[in-house]
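[1] predicted model follows, preceded by the sequence.
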Amino acid sequence: MNTNSNQKDSIQLTKNFTLSELTRSSTADRLGLINTPDERAVANLRLSARGLWQPARDILGVPMQVSSGYRSQTLNRAIGGSPTSAHRYGLAIDFTAKAFGNTRKVARYLVAELKARGIKFDQLILEFPDSPNSWIHLGYKHPNGQQRGQVLTAIKRGGRTVYVSGLR
Ligand SMILES: [Zn+2]
């Protein structure tokens with residue numbers, strides 16, 4: 001049972017996801033920024049957790065460490081995120097699942113299983129797989145509502161970030 005005194009922290013969106021873990025941000029804490037989702041963002045977080053993140057958690061069978069979920073406009077600016085990022089709407093998370101393996105292993109298994117089970121998503125991005133700080137971006141819907149099923153890998157090429165198709 002969650003005994004945290006903050007009411008918001010106890011909101012369980014699905015079996016394994018709480019609202020607080022999808023809105024907490026070490027950057028926001030460090031910079032003293034407010035990162036409270038509005039009603040629409042909370043609804044999107046719930047929808048995404050039910051439709052994709054919990055199914056992904058069930059597929060992996062191990063805890064997922066969420067490093068970033070919802071981002072307020074202030075937080076998103078502070079970290080240099082795209083203004084149209086799905087994180088702004090509560091539609092994407094960045095995560096690792098260390099008990100399962102490295103991000104490349106997690107991404108390969110997850111993409112195969114999501115497709116096999118017909119679970120829709122917008123984007124899965126394997127972010128900088130050769131870095132020890134690699135993570136996976138998992139977006140449920142594009143802010144326009146689309147679920148494109150895009151699978152990409154982000155790599156550094158000559159100091160610039162390039163997104164290539166598929167898992168590398
Ligand atoms: Zn992301």
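    Alright, I've got the coordinates.

[2] now do the SS call for V106.
    Three-state call for V106 (DSSP: H, G, I helix; E, B strand; the rest coil): helix.

[3] which bits of this protein sit near the ion?
    With Cβ under 5 Å from the ion as the criterion, the chain meets the ion at residues D94, H137. The C-beta positions use only the backbone N, C-alpha and C, and glycine is treated the same way.

[4] where does the chain dip in pLDDT?
    Scanning the chain for pLDDT under 70 picks out 1-9.

[5] quick one, strands of it?
    Under the criterion DSSP state E, the chain contains strands at 65-68, 92-96, 123-127, 135-139, 150-157, 160-165.

[6] need the contact list for T103.
    T96, L126, E127, P129, S134, W135, I136 (Cβ atoms under 8 Å, 6 or more residues apart in numbering).

[7] so which of the residues you listed is the most crowded?
    Counting neighbours by other Cβ atoms under 10 Å, the top entry in those is L126, with 25 neighbours.

[8] which one of the contacts of T103 is nearest to A28?
    Nearest to A28, judged by Cβ to Cβ, of these is W135 at 17.4 Å.

[9] I figured that closest one hits A92, correct?
    No: W135 is not in contact with A92 according to Cβ atoms under 8 Å; the separation is 11.5 Å.

[10] just give the closest residue to G166, not the sequence neighbours.
    Once flanking residues are discounted, G166 sits nearest to V151: 5.9 Å by Cβ to Cβ, 6 or more residues apart in numbering.

[11] who's the one you found bridged to?
    Taking DSSP bridges, one obtains L124 as the residues bridged to V151.

[12] which residues touch A86?
    Taking Cβ under 8 Å, 6+ apart, one finds A92, D122, Q123, G139, Y140, K141, H142, P143 in contact with A86.

[13] understood, closing this out.
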